[in-house]
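*Asks:* what would the 3D arrangement of this be:
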Amino acid sequence: MKPLFTRGPSLGARLALLAAASVALMVLDHRQHRLDDLRAALSVVVYPLQVAVDLPVAAARWGAEVLATRRRLQEENLRLRARNLLLEAQNQKLAALEAENARLRELLHAGRRVGERVLIAELLAVDLDPYRHRVVLDKGTRDGVRVGQPLLDARGVMGQVIETGPLSAVAMLISDPGHALPVAVLRTGLRAIAYGTGDSERLLLPHLPRTADVRAGDRLVTSGLGGRFPPGYPVGTVTRVERDPDGAFTRAVARPAARLRRAREVLLVWRAAPPRAEGGAGTDGTGAEAAP
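*Replies:* Numbers count the residues shown, from 1 in each chain. Below is the predicted model of the structure:
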């Protein structure tokens, strides 16, 4: 009886045969390049498989790069925003310092125009209640500040000191309803009293003669009467004249020259000592000497 399956070459023999064939093909290809066409054809067939195998790896690599790039851009954006905020803050601070320097230059220039001894003071507090216009200054009796001392800004009269302490003082503004200031019309020399109205943009000159030569646009200055304010300091500008044909008086409305609502630094003014008359009396005959 014949066996059902014939026994072929052993596994070792087959492996040896394949190895020998591979070596022979390699030698033949190396010497004569006989397999170039076959290799090219196989590469065309295998390429889609290579792409399919590499696609997940490439997609994962691309996704990681996108995430890394996005994270880097977000971090850079945060840094740039922080830098921008810092530069804006520095710019605002620089603008504030430039504005403060400009205000101080104006005050110093005003002090030179005044020709008296002056001291720059800063406002610690402001009270602009309709019935009470006061400011608190950071200078007091230790700095020579006294009651009645004039207060100016770079544009004109602001008020006068009414209370003093060692380190601070309180001043009443010319817009306070209780303040009255002797003034003169610069154009004509007409004297009047400018009263505060509780409005920082409005002074009132009542009881002017009916025929008084005053009109809108006239500038008002201190007259020097009363001895508190030296003459010639700017006070304001007439904005309106109200004449009553049937009345005995005319009244005028003026806008203060000083920036009562916006001032941050002010000038305290000391009047120069008046010439002493024989016997030590001052020019007003009271014997009181102006503060140095």
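*Asks:* in stretch 154-164, which residues are buried?
*Replies:* 154, 156, 157, 158, 159, 160, 161, 162, 164 (16 or more other CB atoms under 10 Å). (Glycine included, C-beta is placed from N, CA and C.)
*Asks:* using PDB, write down the CA coordinates of that stretch.
*Replies:* In PDB, the C-alpha atoms belonging to stretch 154-164 read as follows (Å, rounded to 0.1, in the frame of the first residue of the first chain):
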ATOM      1  CA  ALA A 154      -1.300 129.700  38.200                       C
ATOM      2  CA  ARG A 155      -4.200 131.700  36.800                       C
ATOM      3  CA  GLY A 156      -5.500 133.800  39.700                       C
ATOM      4  CA  VAL A 157      -6.900 134.200  43.200                       C
ATOM      5  CA  MET A 158      -8.300 131.000  44.800                       C
ATOM      6  CA  GLY A 159      -9.200 132.200  48.300                       C
ATOM      7  CA  GLN A 160      -7.600 132.800  51.700                       C
ATOM      8  CA  VAL A 161      -6.500 130.900  54.800                       C
ATOM      9  CA  ILE A 162      -9.100 130.800  57.600                       C
ATOM     10  CA  GLU A 163      -7.700 128.200  59.900                       C
ATOM     11  CA  THR A 164      -4.200 127.100  60.700                       C
END
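*Asks:* can you give the distance of that stretch from its chain's centre?
*Replies:* Stretch 154-164 has its average C-alpha position 26 Å from the chain's average C-alpha position, going by CA atoms, centre = their mean, to the nearest Å.
*Asks:* what average pLDDT does that stretch get?
*Replies:* For stretch 154-164, the mean pLDDT works out to 93.
*Asks:* where does the protein have low pLDDT?
*Replies:* 1-9, 24-25, 27-40, 42-43, 46, 85-116, 272-292 (pLDDT under 70).
*Asks:* would you map out the domains in it?
*Replies:* Using automatic domain parsing, the domain parsing of the chain gives 15-114, 117-270.
*Asks:* from those domains, which stretch is densest packed?
*Replies:* Sort the domains of the chain by mean neighbour count, taking mean count of other CB atoms under 10 Å, and domain 117-270 sits at the top with a mean of 18.
*Asks:* quick one: it to chain centroid distance?
*Replies:* Per CA atoms, centre = their mean, the displacement of domain 117-270 from the mean C-alpha position of its chain is 29 Å.
*Asks:* mind checking the end-to-end distance for that domain?
*Replies:* Using CA to CA, to the nearest Å, the end-to-end distance of domain 117-270 comes out at 5 Å.
*Asks:* who's in contact with residue 167?
*Replies:* Residue 167 sits next to 138, 139, 140, 142 when contact means CB atoms under 8 Å, 6 or more residues apart in numbering.
*Asks:* nope, residue 171 is what I meant
*Replies:* 134, 135, 136, 137, 151, 158, 159, 160, 161, 162, 266.
*Asks:* apply 6 Å and report the result again.
*Replies:* Neighbouring residues of residue 171 by CB atoms under 6 Å, 6 or more residues apart in numbering: 135, 151, 159, 161.
*Asks:* also residue 260?
*Replies:* Counted by CB under 6 Å, 6+ apart, residue 260 has contacts 173, 175, 200.
*Asks:* mind listing which of those residues are in strands?
*Replies:* Among the contacts of residue 260, the ones falling in strands (DSSP state E) are residue 173.
*Asks:* pick the one among the contacts of residue 260 closest to residue 230.
*Replies:* residue 173 (18.3 Å; CB to CB).
*Asks:* tell me how far that closest one lies from residue 258.
*Replies:* 8 Å (CB to CB, to the nearest Å).
*Asks:* which neighbours do the two share?
*Replies:* If you check residue 173 and residue 258 against CB under 6 Å, 6+ apart, the residues they both contact are residue 158.
*Asks:* what's the spacing between residue 83 and residue 77?
*Replies:* According to CB to CB, residue 83 and residue 77 sit 11 Å apart.
*Asks:* start to end distance for stretch 216-225?
*Replies:* End-to-end span of stretch 216-225 (CA to CA): 24 Å.
*Asks:* contacts only, for residue 198.
*Replies:* Here residue 198 is in contact with 130, 177 (CB under 6 Å, 6+ apart).
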